[in-house]
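Engineer: What would the 3D arrangement of this be:
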Amino acid sequence: MFSKSKIETTSQWVSFFRANWQMELPMAIHSRGVDDGHGLGSPPYHPEFERWLGPICFCGRKPDPNVLNDRGCPSSNIPRGNKKDHNSDARLRTTKAFRKLRKVAPREFDALYLMCALSASFETAMQSLNERAERLDKPERYGPNEMVLLVVSGIDKLVWYW
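Structural biologist: Here you go, the predicted model:
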């Protein structure tokens, strides 16, 4: 349906937009209410901030000096986000482009949001769209060809808006 170079270019743009989504610190660190889980009585962390932080371990496992390349807790090796400037131009442009895409082409937005912002794979995004359509009793179902069409068309629009 599409040439190999078009698919490769689309894949590169998906990676580019995914990186832009993940490079900025979240705007909200705390949510409203009181955090019941930790007993401190402070406001709970906002879900976006928790996603940006990544897995946090409180096990306190220290590296074992007798084991080669032991770094302690396995989750301590996961990067915690990119601490570059808070509102980079690329991130703002990406957000605005996604907003425009959502208004013009909501199904393409859904597919690309899953792949870029939520880092879902092609298959996972396709499955998620199909599950959502079933849950909402919508007639559309997406196979690999339809999903490729949504992604390529959505990326073309995003690049134009960006």
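Engineer: show me what contacts the closest residue to Ala28 other than its chain neighbours?
Structural biologist: In space, and not counting its chain neighbours, Ala28 is closest to His46: 4.2 Å by Cβ to Cβ, 6 or more residues apart in numbering. No exception for glycine: its C-beta is placed from N, CA and C like everyone else's. Taking Cβ atoms under 8 Å, 6 or more residues apart in numbering, we find His46 in contact with 26, 28-31.
Engineer: for the chain, what are the low-confidence residue spans?
Structural biologist: Applying pLDDT under 70 to the chain flags the ranges 23-26, 34-41, 52-88.
Engineer: Going along the chain, name the helices of it.
Structural biologist: Here the chain has its helices, by DSSP state H, at 4-22, 47-53, 89-104, 106-112, 122-135, 144-161.
Engineer: Show me what the third one is packed against.
Structural biologist: The reference is to helix 89-104. Counting by 3 or more Cβ pairs under 8 Å, 6 or more residues apart in numbering; DSSP states H and E, the packing neighbours recorded for helix 89-104 are helix 4-22, helix 106-112, helix 144-161.
Engineer: Burial-wise, tell me which of the helices of the chain comes out on top.
Structural biologist: helix 106-112 (a mean of 20; mean count of other Cβ atoms under 10 Å).
Engineer: What lies in contact with that helix?
Structural biologist: With Cβ under 8 Å, 6+ apart as the criterion, helix 106-112 contacts 14, 17, 98, 101-102, 125-126, 129, 132, 140, 147, 150-151, 153-155, 157-158.
Engineer: and if you look at stretch 113-120?
Structural biologist: 14, 17-18, 21-22, 98, 121-122, 124-125, 128-129, 151.
Engineer: one more time with 6 Å
Structural biologist: 14, 17-18, 21, 125, 128 (Cβ atoms under 6 Å, 6 or more residues apart in numbering).
Engineer: Could you identify the most distant pair in those?
Structural biologist: Phe17 and Ser128 (17.7 Å; Cβ to Cβ).
Engineer: quick one: Ala90 and Asn20 touch, right?
Structural biologist: Yes: between Ala90 and Asn20 there is a contact under Cβ atoms under 6 Å: 5.0 Å.
Engineer: Which one (most neighbours) among the contacts of His46?
Structural biologist: Per-residue neighbour counts (other Cβ atoms under 10 Å) across those peak at Pro26, which has 16 neighbours.
Engineer: And stretch 111-128, end to end?
Structural biologist: This stretch, stretch 111-128, spans 9 Å end to end (Cα to Cα, to the nearest Å).
Engineer: just stretch 43-50 next, same as before
Structural biologist: Stretch 43-50: ends 13 Å apart by Cα to Cα.
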